[in-house]
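Trainee: just a sequence and a predicted model for now, questions to come.
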Amino acid sequence: MAASAPLRWDRRIQRRLVRGEESALGELYDQFAPLVHGLALRVLADPEAAEQITREVFAQVWEHPEEFDPASGSMRSWIGTLTHRRAVHRLRPEQGPAEGAGEQEGAGPAGPEEEALAAATAARVQHIVAGLPQTLRETLLLTYFGGRTYRQAAKELGITPAGAKHRMRLGLQLLATALASEPVR
(Lines give C-alpha, C1' and ligand atoms only; values in the text may rest on other atoms or scores of the structure.)
Protein backbone atom coordinates (compact mmCIF):
# COMPACT_ATOMS: atom_id res chain seq x y z
CA MET A 1 0.00 0.00 0.00
CA ALA A 2 1.47 3.33 -1.06
CA ALA A 3 2.21 5.92 1.62
CA SER A 4 0.56 8.62 -0.48
CA ALA A 5 -2.80 6.78 -0.68
CA PRO A 6 -4.03 7.98 2.75
CA LEU A 7 -2.86 11.51 1.95
CA ARG A 8 -4.77 11.49 -1.34
CA TRP A 9 -7.85 10.23 0.52
CA ASP A 10 -7.43 12.97 3.14
CA ARG A 11 -7.26 15.68 0.49
CA ARG A 12 -10.16 14.21 -1.47
CA ILE A 13 -12.42 13.99 1.58
CA GLN A 14 -11.48 17.54 2.58
CA ARG A 15 -12.43 18.85 -0.87
CA ARG A 16 -15.75 17.01 -0.66
CA LEU A 17 -16.41 18.49 2.80
CA VAL A 18 -15.58 21.99 1.55
CA ARG A 19 -18.14 21.46 -1.25
CA GLY A 20 -20.70 20.50 1.40
CA GLU A 21 -21.08 16.83 0.45
CA GLU A 22 -22.92 15.21 3.33
CA SER A 23 -21.82 11.77 2.15
CA ALA A 24 -18.21 12.81 2.84
CA LEU A 25 -19.11 13.57 6.43
CA GLY A 26 -20.85 10.20 6.70
CA GLU A 27 -17.79 8.43 5.32
CA LEU A 28 -15.51 10.32 7.70
CA TYR A 29 -17.82 9.54 10.61
CA ASP A 30 -17.87 5.84 9.73
CA GLN A 31 -14.08 5.81 9.70
CA PHE A 32 -13.28 7.93 12.75
CA ALA A 33 -16.27 8.01 15.15
CA PRO A 34 -15.10 4.97 17.16
CA LEU A 35 -11.65 6.49 17.55
CA VAL A 36 -13.06 9.90 18.53
CA HIS A 37 -15.53 8.42 20.99
CA GLY A 38 -12.92 6.03 22.43
CA LEU A 39 -10.36 8.78 22.96
CA ALA A 40 -12.92 11.15 24.50
CA LEU A 41 -14.17 8.36 26.75
CA ARG A 42 -10.61 7.54 27.80
CA VAL A 43 -9.91 11.16 28.74
CA LEU A 44 -13.28 11.95 30.34
CA ALA A 45 -14.44 8.56 31.68
CA ASP A 46 -17.99 9.72 30.99
CA PRO A 47 -19.97 8.11 28.13
CA GLU A 48 -22.39 11.04 27.77
CA ALA A 49 -19.57 13.58 27.65
CA ALA A 50 -17.72 11.39 25.13
CA GLU A 51 -20.83 11.31 22.92
CA GLN A 52 -21.08 15.10 23.16
CA ILE A 53 -17.40 15.52 22.25
CA THR A 54 -17.91 13.17 19.29
CA ARG A 55 -20.80 15.32 18.03
CA GLU A 56 -18.81 18.52 18.56
CA VAL A 57 -15.73 17.24 16.74
CA PHE A 58 -17.69 16.14 13.68
CA ALA A 59 -19.68 19.37 13.73
CA GLN A 60 -16.41 21.32 13.68
CA VAL A 61 -15.03 19.18 10.86
CA TRP A 62 -18.24 19.78 8.89
CA GLU A 63 -18.30 23.51 9.56
CA HIS A 64 -14.56 24.17 9.11
CA PRO A 65 -13.00 21.54 6.82
CA GLU A 66 -10.57 24.18 5.54
CA GLU A 67 -8.80 24.10 8.92
CA PHE A 68 -7.33 20.70 8.06
CA ASP A 69 -3.80 21.09 6.70
CA PRO A 70 -2.51 17.93 4.98
CA ALA A 71 1.04 19.30 5.24
CA SER A 72 0.77 19.14 9.04
CA GLY A 73 -0.42 15.55 9.29
CA SER A 74 -3.18 13.14 8.42
CA MET A 75 -6.92 13.68 8.72
CA ARG A 76 -6.87 11.00 11.44
CA SER A 77 -4.28 12.85 13.51
CA TRP A 78 -6.08 16.19 13.03
CA ILE A 79 -9.37 14.71 14.20
CA GLY A 80 -7.58 12.99 17.09
CA THR A 81 -6.00 16.29 18.12
CA LEU A 82 -9.37 18.08 17.95
CA THR A 83 -10.86 15.35 20.12
CA HIS A 84 -8.07 15.41 22.68
CA ARG A 85 -8.12 19.20 22.99
CA ARG A 86 -11.89 19.31 23.44
CA ALA A 87 -11.82 16.51 26.00
CA VAL A 88 -9.00 18.07 28.01
CA HIS A 89 -10.73 21.46 27.83
CA ARG A 90 -13.90 19.80 29.17
CA LEU A 91 -11.87 18.56 32.17
CA ARG A 92 -10.99 22.16 33.06
CA PRO A 93 -14.37 23.75 33.78
CA GLU A 94 -12.80 26.20 36.23
CA GLN A 95 -10.94 27.84 33.35
CA GLY A 96 -12.75 31.08 32.58
CA PRO A 97 -13.38 32.42 29.10
CA ALA A 98 -10.43 34.80 29.40
CA GLU A 99 -7.99 31.93 29.81
CA GLY A 100 -7.13 30.39 26.46
CA ALA A 101 -9.56 32.76 24.73
CA GLY A 102 -7.14 33.29 21.87
CA GLU A 103 -6.73 29.55 21.30
CA GLN A 104 -8.46 28.09 18.34
CA GLU A 105 -9.31 24.40 18.09
CA GLY A 106 -6.83 22.66 15.84
CA ALA A 107 -4.59 25.74 15.56
CA GLY A 108 -0.87 25.65 16.15
CA PRO A 109 1.48 22.74 16.73
CA ALA A 110 0.79 20.18 19.42
CA GLY A 111 2.74 20.50 22.64
CA PRO A 112 5.15 17.82 23.91
CA GLU A 113 2.47 16.21 26.08
CA GLU A 114 0.02 15.98 23.17
CA GLU A 115 2.72 14.62 20.88
CA ALA A 116 3.69 11.98 23.46
CA LEU A 117 0.04 11.01 23.94
CA ALA A 118 -0.48 10.81 20.17
CA ALA A 119 2.61 8.61 19.76
CA ALA A 120 1.55 6.35 22.63
CA THR A 121 -1.97 6.09 21.24
CA ALA A 122 -0.66 5.27 17.76
CA ALA A 123 1.53 2.51 19.17
CA ARG A 124 -1.41 1.11 21.15
CA VAL A 125 -3.63 1.20 18.06
CA GLN A 126 -1.02 -0.70 16.02
CA HIS A 127 -0.68 -3.31 18.78
CA ILE A 128 -4.44 -3.76 19.10
CA VAL A 129 -5.00 -3.97 15.34
CA ALA A 130 -2.22 -6.57 15.05
CA GLY A 131 -4.14 -8.74 17.54
CA LEU A 132 -7.48 -8.58 15.72
CA PRO A 133 -8.76 -11.56 13.72
CA GLN A 134 -7.27 -11.57 10.21
CA THR A 135 -10.51 -10.70 8.41
CA LEU A 136 -11.11 -7.63 10.59
CA ARG A 137 -7.45 -6.61 10.47
CA GLU A 138 -7.36 -6.80 6.65
CA THR A 139 -10.47 -4.68 6.34
CA LEU A 140 -9.25 -2.06 8.82
CA LEU A 141 -5.86 -1.85 7.15
CA LEU A 142 -7.50 -1.19 3.79
CA THR A 143 -10.17 1.23 5.01
CA TYR A 144 -9.14 2.95 8.19
CA PHE A 145 -5.41 3.03 7.54
CA GLY A 146 -5.33 2.66 3.75
CA GLY A 147 -7.86 5.33 2.93
CA ARG A 148 -10.15 3.09 0.91
CA THR A 149 -13.91 3.10 1.20
CA TYR A 150 -15.59 -0.05 2.40
CA ARG A 151 -16.78 -0.60 -1.18
CA GLN A 152 -13.22 -0.46 -2.50
CA ALA A 153 -12.06 -2.79 0.28
CA ALA A 154 -14.90 -5.21 -0.50
CA LYS A 155 -13.77 -5.40 -4.10
CA GLU A 156 -10.12 -5.99 -3.11
CA LEU A 157 -11.08 -8.61 -0.52
CA GLY A 158 -13.62 -10.34 -2.77
CA ILE A 159 -16.53 -9.84 -0.37
CA THR A 160 -19.79 -7.91 -0.47
CA PRO A 161 -19.83 -4.21 0.44
CA ALA A 162 -22.14 -5.05 3.34
CA GLY A 163 -19.61 -7.61 4.58
CA ALA A 164 -16.78 -5.10 4.37
CA LYS A 165 -18.83 -2.46 6.18
CA HIS A 166 -19.72 -4.96 8.90
CA ARG A 167 -16.07 -5.98 9.32
CA MET A 168 -14.95 -2.37 9.41
CA ARG A 169 -17.49 -1.38 12.05
CA LEU A 170 -16.80 -4.45 14.17
CA GLY A 171 -13.05 -3.91 13.94
CA LEU A 172 -13.38 -0.24 14.90
CA GLN A 173 -15.71 -1.12 17.78
CA LEU A 174 -13.18 -3.66 19.09
CA LEU A 175 -10.41 -1.11 18.66
CA ALA A 176 -12.35 1.59 20.51
CA THR A 177 -13.27 -0.82 23.32
CA ALA A 178 -9.67 -1.93 23.68
CA LEU A 179 -8.41 1.66 23.69
CA ALA A 180 -10.94 2.60 26.35
CA SER A 181 -10.06 -0.36 28.57
CA GLU A 182 -6.26 -0.46 28.28
CA PRO A 183 -4.33 1.77 30.66
CA VAL A 184 -2.11 4.44 29.11
CA ARG A 185 1.56 3.58 29.68
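Mentor: That came in fine, so what should we check first?
Trainee: need the contact list for the nearest residue to Ile79 once chain neighbours are set aside.
Mentor: Excluding its sequence neighbours, the residue lying closest to Ile79 (CB to CB, 6 or more residues apart in numbering) is Phe32, at 5.2 Å. For the C-beta atoms, the positions are set from N, CA and C on the backbone; glycine is no exception. Contact analysis of Phe32 by CB atoms under 8 Å, 6 or more residues apart in numbering lists Met75, Arg76, Ile79.
Trainee: Asp10 is in contact with the first one, correct?
Mentor: When you say that, I think you mean Met75. Yes: using CB atoms under 8 Å, Met75 is in contact with Asp10, at 4.1 Å.
Trainee: what residues do the two have in common as contacts?
Mentor: When CB under 8 Å, 6+ apart defines a contact, the residues bordering Met75 and Asp10 alike are Phe68.
Trainee: more neighbours: which of the two?
Mentor: Of the pair Met75 and Asp10, Met75 is the one with more neighbours under other CB atoms under 10 Å, namely 23 against 20.
Trainee: residues in contact with the more buried one?
Mentor: Trp9, Asp10, Ile13, Gln14, Leu28, Phe32, Phe68.
Trainee: which two from those end up farthest apart in space?
Mentor: Of all pairs drawn from these, the one with the longest distance (CB to CB) is Gln14 and Phe32, at 13.3 Å.
Trainee: secondary structure element holding the spatially most central residue of the chain?
Mentor: Ranked by distance to the mean C-alpha position of the chain (CA atoms, centre = their mean), the top residue is Phe32 at 3.7 Å. In this structure, Phe32 sits in helix 22-44 according to DSSP states H and E.
Trainee: of the contacts of Met75, closest to Gly38?
Mentor: In terms of CB to CB, no member of the contacts of Met75 lies closer to Gly38 than Phe32, at 10.2 Å.
Trainee: for Met168, see how far away the closest one is.
Mentor: Using CB to CB, to the nearest Å, we find Phe32 at a distance of 12 Å from Met168.
Trainee: kindly report the same for Gly80.
Mentor: Between Gly80 and Met168 the computed distance is 18 Å (CB to CB).
Trainee: try Met75
Mentor: Distance from Met75 to Met168, counting by CB to CB: 16 Å.
Trainee: please compute how far the helix or strand containing Ala123 lies from its chain's middle.
Mentor: Using DSSP H and E, Ala123 sits in helix 112-130. Averaging C-alpha positions (CA atoms, centre = their mean, to the nearest Å) puts helix 112-130 12 Å from its chain's average.
Trainee: that helix versus helix 22-44: what angle between them?
Mentor: In this structure, helix 112-130 runs at an angle of 110 degrees to helix 22-44, with axes from the mean of the first three to the mean of the last three CA atoms, to 10 degrees as the basis.
Trainee: got the buried residues for helix 112-130?
Mentor: For helix 112-130, the neighbour count (16 or more other CB atoms under 10 Å) marks Leu117, Ala118, Thr121, Arg124, Val125, Ile128, Val129 as buried.
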